[in-house]
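Q: Here's my sequence, what's the structure:
(3 chains)
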Amino acid sequence: MATLDAAAKKQGKGWQPALLRHEVLLAVILVIALIFLAAQTDKFLTTGNLLNQGRLMAEVGLVALPMTLIIVTGGIDLSVGSILGLCAIVLGYSWKNLGVPLPLAMVMALGVGTLAGFANGWFITRVRVPPLIMTLATLAFYRGLAEGISQARSVRGYPDWFFQLGQGDVWGVPTQLWILAVAVVITAVILARTPFGRGLYAIGHNEVGARFSGIPVDRYKLIIYTFSGAMAGLAGVIFVSRVSTTRSDMGTGLELDVIAAVVLGGTSIFGGTGTMLGTVLGFIMIQLLKNGLALTGVKGDATIVVIGIVLILSILLTNFIQRRRSGNE
Amino acid sequence: MLTGEPSPLLALQGVSKSFPGVRALREVAFELRAGEVHALLGENGAGKSTLIKIVSGVHRPDAGQLLIDGQPAAFASPLDAQAAGIATIYQELLLFPELSVAENIFMGHPPRARLGAIDWQKMRAGAEAILASLEIHDLDVSSLVGGLSVGQRQRVEIAKALSQNARILIMDEPTAALAEADVVRLFGIVRMLRGRGVGIVYISHRMEEVFELSDRVTVLRDGAYVGTRVTAATSRDELITMMVGRTIDQLFPKSVAKLGNPILELRELRRQPLTRGISLTLRAGEIVGLAGLVGSGRSELAQVIFGITPAESGEILIAGEAARVGSPGAAKRLGIAYVPEDRGSQGLIRPMSLCHNVSMAVLGRLRQGPFVDQGAEADLAERSIRQFNIRASSRDQVVEQLSGGNQQKIVLGKWLATAPRILIMDEPTRGIDVGAKAEIHRLMSELAAKGLAILMISSELPEIMGMSDRILVMREGRLVAEFARDAASQEAIAAAMMSDDAAAAEAGAAVPA
Amino acid sequence: MSTASLARGSSNALGAQLKRLVGGQEMILLLCILAIFLIVGSLNPRFIAERNLSSIFLGNAYVAVAAIGMSMVIISGNIDISVGSLIGVLATISGTLAVNGYPIIVAWLAPLLIGVLVTGFMGYLVAYLRMPSIVVSLGMLSILKGGLISVTSGAWISNLPAGYALAQLRPMGVPMPIWFMVGLTILAAWWMRYTAAGRSIYAVGGNAEAALLSGISPRRTVMMVFLIHGLFVGIASVLFATQLAVIQSTVPPNLELTIITASVVGGVSILGGAGTVIGSTLAAVLLAAIGSSLIFINLSPYWLRAVQGALILVTVLADLLRRRRQARRR
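A: Numbering: from 1, shown residues only, chains lettered A, B, ... in the order given. Coordinates of the predicted model:
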């Protein structure tokens, strides 16, 4: 976290003071929410519950990382939930129906996710289909493939070792939380410190200007959409391992949670601004919101309402801050 | 007004306007009478665009008064200005390609039938009547604007202005993108409107047009009012002096450099639609000026050389070796740098800091392992600030807060950081103040003396003539004339630009084979 | 060159007018629909039996009606991905009102009013607070969907009062959904083509800055579009609610996608500024025919969505390529 903070501060110098404030604001709200929830119910602030929340958070978190990169460039990927579902089906179907060894099936699932993301990126960069439309179409297409391949039949009966990924612990911490932590650190450093990350910000602010500066805009975009597909695939494998079953409707609505987390974390949907630290705070916040509401007796579906409201309010807030800042100049 | 003359249609008194970091207009006066063509002259960045945006209600003045028929007027929006009879034809024509000619003409105020429906009969008839009154008989009012030529679209714009009963018509460089035949027709229309008592504010860079068309001329320089002259009683030299404020020699300190080996050679370079077989040679230490009208294919050629729109056929030789320039990144690696025409959208990432902009093109080199070396990046920024005399509060200042001249120096700094062998500069001094302009010219001279090969695209003939060792003229995607520095004259270059081959040859141009 | 194109232009004035009225896309769609009926009908005559035809047309008329409003939203340069959830919510409200003894006219009109309020709220956020429509409608989607399921748990609403079933009426022998689909399509097409307000949608979607300088307020236009969209969504939801004897109080799966697909396949440009509602209605019919034909050629309905997704991709690509060709010709 310390390195993240430092990176964010470096980024925040000069042109992003408001953004830094946004993250501080978010962190403060997070702490208040924690205290409030802890006071509401003693079931909340227990190591067991928090670690379990981390387990539940991993899939959204993993997909939110590439989504941050994509939204920083001013794009969007609505197909992540469908890619997750497709990869889950590829995993289950190839193992159960085609008799592929499970480790190979896992690799295949990741491969299909990567390919699905690559296809998005290819059409977006080569044919210049707007990302919104492209991924809306593949939202349907990939989910359709998942349904078509599986014929809506679920797959169960995975061997025990497979559950280590989604249900097991390493040194007392859920396995997927380790994976998430590593992924967070790597993507955060890439975004904040490498020429690639800088290029993504440049693309988000001014794509033509970035192209005229010799930044390989299309290649960068292709990379992030492909990465998004790969991470959705990874999240799909973890999801299957966590819930012990494969269904074609897995990951439905995932894009909402993910985009809400990224936008809540202060990344502008118009591109150019945003940090990984913000996204991390964003998805932690959403998970705590869900958990807290559940613990205080709110049903699962009602939490979606809250996420929707939080999403709209957070953009209103960002807009408000930006407008006030530009008014000051 | 004491003499009993009618009040002028439009008068501006002491109008000032500032934008963040730029003082666009300082106490400017302007007056337009009915039935007059009043030319507005000034270099790029002199404040002409700001002035017309104030008159057309896009901007509000910070100080000063705007009088319509002698009455003070305040426009809150373009709509108010329209209601006051002011119509503006902008450089980039604001038409809707998916809609028909008639709809475009009546956009915003279509004739209504019952139920708020558009009365299409009346609209088509009205559009036809307006076009006929302008003696335009070759436009079908129901064809889509998207399929029209630039000249045709401009005539639609004029008809649109008239449909609003405009008494004041502002034309911002109307001939910039026009072919010769369209220019002639435009002049005919302008004279016709003048005869009907319409007051016309005519903005142009071209002296010839000003003398041919206007009754009076007002000159702006650096946002300030310089003076107004009756066209018939002034001369080209007087106007140029008023515009520039000094003589050409002072402004362009090009020293003659020793020319080295050919660095860039183009052979029959082609890319549809505007690069049609270009061959040229650029030597180390040489500044080649590329003249031509807007739309003649100069920027397109630059973008082919720089790999933004790679060539479809032909050869590019860098220092004698055949090179494939498939992307700006490849061009950069080959030592080509391009300072583009549009700073705001192409040259800079405006919301990012000075430091991040200067390092943008060399991030691949400023590395420490896989990471950006932030120390080296800061050093580079500080070096650029010193070397180019960039006036900014710190290297972390956002570039959009800086003036045009400083922004241009940042673009230049960004590209010189790549240590290029070939520098293409597209309108290098457009829209920047005279001081910064001189600095950039001095810099170009120094760079050439150090052996850099510079290809300079400019629409300002004095700049072309002052800075270039050699002058090439482009027209309709081809090189049509070449002048040695000493053999060039404004008239000859202009003639070559405007497709008057005979006159150009007479004036001593060598037409390349 | 310009004279040649002019001559072509004026001699083709009538043709251009005709072509514009029908549009290339509409003709193609019509041919596609006919082709599907012919081919699938010859493979399996039951496909063109009256029962199936009426299920294709009646069961999907509400999609066509909603696609009209959606087309306007997309032409104005925005999008609404909450439309499916909104239809689910409005249908549930309508059914609940009817079951609880409110006058039937109230059950019919309340969804219209609430639909306008909801889309008006979104329109306000988009037009006046400059929030991107994608995020606003994404948030609205989750609010509506989550709210609906958490309140009703997806329960079935039955025992609807007699006289409530608007969609089952047959004035002059023609089913009500057809009246609505055809009537509203013609009305909207006329309005968009022949009124100043209708044309301003194209202007704003095509070039917002130019529209502003022509004295059209992009904000007001976008707000208006969202309000009208709400009205169409309200009507669509009543048709949806009244077509069967029961209403399931959930969000019909993928409905927003079907509606957006109908708009885009119908020739509404995803980049804004172009398209017609006649095309979107034809596309809604085409999509329904394709969906139905998959069953009749024994393809599993589970492949339906994959085909839909592929279809939207193909049409989007065709639209982009067409525009690029046009741009090159200029």
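Q: For the rest of this, base every contact and every neighbour count on C-alpha atoms.
A: Fine.
Q: how close does the residue of the stretch 351-500 of chain B found nearest chain C sit to residue B:178?
A: Nearest to chain C, among the residues of the stretch 351-500 of chain B, is residue B:476, at 14.0 Å (Cα to the nearest Cα). Using Cα to Cα, to the nearest Å, residue B:476 is found at 11 Å from residue B:178.
Q: Identify the residues contacting residue 78.
A: I'll assume chain A. A:132, A:135, A:136, A:139, A:255 (Cα atoms under 8 Å, 6 or more residues apart in numbering or on different chains).
Q: oops, I was thinking of chain B
A: By Cα under 8 Å, 6+ apart, the contact set of residue B:78 is B:56, B:57, B:58, C:212, C:213, C:214, C:215.
Q: What does the residue nearest to it when sequence neighbours are not counted show for phi and psi?
A: Distances taken as Cα to Cα, 6 or more residues apart in numbering or on different chains put residue B:57 closest to residue B:78, at 4.4 Å, once the chain neighbours are dropped. The phi and psi values for residue B:57, taken as degrees, to the nearest 10, are phi 80, psi 10.
Q: how much space between residue B:57 and residue B:85?
A: For residue B:57, the distance to residue B:85 equals 12 Å [Cα to Cα].
Q: got it, and residue A:171?
A: Plainly put, residue A:171 is 78 Å away from residue B:85 if you go by Cα to Cα.
Q: ok so, going back, who wins on neighbours among the contacts of residue B:78?
A: With neighbours defined as other Cα atoms under 10 Å in any protein chain shown, the most crowded of the contacts of residue B:78 is residue B:56; it has 27 neighbours.
Q: which ones are touching that residue?
A: The contact partners of residue B:56, taken as Cα under 8 Å, 6+ apart, are B:75, B:78, B:81, B:82, B:86, B:87, B:88.
Q: Can I get those residues in a markdown table including pLDDT and secondary structure?
A: Formatted as a markdown table, the contacts of residue B:56 follow (pLDDT from 0 to 100; DSSP: H, G, I helix; E, B strand; the rest coil):
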| residue | pLDDT | secondary structure |
| --- | --- | --- |
| B:75 | 85 | coil |
| B:78 | 80 | helix |
| B:81 | 85 | helix |
| B:82 | 82 | helix |
| B:86 | 88 | strand |
| B:87 | 86 | strand |
| B:88 | 86 | strand |
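Q: contact partners of stretch B:193-213?
A: Applying Cα under 8 Å, 6+ apart, the contact partners of stretch B:193-213 are B:9, B:32-43, B:48, B:166-175, B:187, B:190-191, B:214, B:217, B:231-232, B:236.
Q: Skipping its backbone neighbours, what lies nearest the most centrally placed residue in chain A in space?
A: The residue lying closest to the centre of chain A (Cα atoms, centre = their mean) is residue A:64, at 1.5 Å. Closest residue in space to residue A:64, ignoring its immediate chain neighbours: residue A:258 at 5.1 Å, by Cα to Cα, 6+ apart.
Q: Secondary structure element holding residue B:130?
A: Per DSSP states H and E, residue B:130 falls inside helix B:120-133.
Q: Tell me where the stretch 151-300 of chain A has strands.
A: Per DSSP state E, counting those that start in this stretch, the stretch 151-300 of chain A carries strands over the ranges A:169-170, A:173-174.
Q: Got the phi and psi for residue C:154?
A: phi 70, psi 20.
Q: And the one 4 residues further on, by the same measure?
A: For residue C:158, the backbone dihedrals (degrees, to the nearest 10) come out as phi -130, psi -170.
Q: Tell me which residue in the stretch 101-250 of chain C sits closest to chain B.
A: Chain B sits closest to residue C:195 of the stretch 101-250 of chain C, with a gap of 4.2 Å, by Cα to the nearest Cα.
Q: Okay, now the unreliable bits of the stretch 1-150 of chain A?
A: Within the stretch 1-150 of chain A, the stretches with pLDDT under 70 are A:1-21.
Q: At the contact with chain C, which residues of it appear?
A: With the criterion set to Cα under 8 Å from any Cα of the partner chain, the stretch 1-150 of chain A comes near chain C through A:127, A:129, A:133-134, A:136-145, A:147-148.
Q: can you pick the most crowded of these?
A: Counting neighbours by other Cα under 10 Å, residue A:143 leads these with 30 neighbours.
Q: Run a quick neighbour tally on residue A:182.
A: The burial count assigned to residue A:182 is 12, neighbours taken as other Cα under 10 Å.
Q: and if you look at residue B:364?
A: Residues within reach of residue B:364, counting by other Cα under 10 Å, total 16.
Q: ok, the nearest residue to it once chain neighbours are set aside - how many residues close by?
A: Once flanking residues are discounted, residue B:364 sits nearest to residue A:195: 6.5 Å by Cα to Cα, 6+ apart. Residue A:195: 24 surrounding residues under other Cα under 10 Å.
Q: With the one 5 residues further on instead?
A: By the other Cα under 10 Å criterion, the neighbourhood of residue A:200 contains 28 residues.
Q: Next: residue B:234.
A: Residues near residue B:234, counting by other Cα under 10 Å: 14.
Q: Run through the residues that contact it.
A: Going by Cα under 8 Å, 6+ apart, the list of residues near residue B:234 is empty.
Q: Quick check: phi and psi on it?
A: Phi and psi for residue B:234, reported as degrees, to the nearest 10, are phi -130, psi 180.
Q: again with residue C:109
A: phi -90, psi -30.
Q: thinking again about what came up before, give me the next element, helix or strand, following the helix or strand harbouring the residue nearest to the centre of chain A.
A: Per DSSP H and E, residue A:64 falls inside helix A:47-72. Later in the chain than helix A:47-72, the nearest helix or strand by DSSP H and E is helix A:80-96.
Q: Would you mind identifying the next helix or strand past that following helix?
A: helix A:102-126.
Q: quick one, strands of chain C?
A: Along chain C, counting by DSSP state E, strands occupy C:156-157, C:247-248.
Q: my read: residue C:30 touches residue C:282, true?
A: Yes: counting by Cα atoms under 8 Å, residue C:30 does reach residue C:282; the two are 6.8 Å apart.
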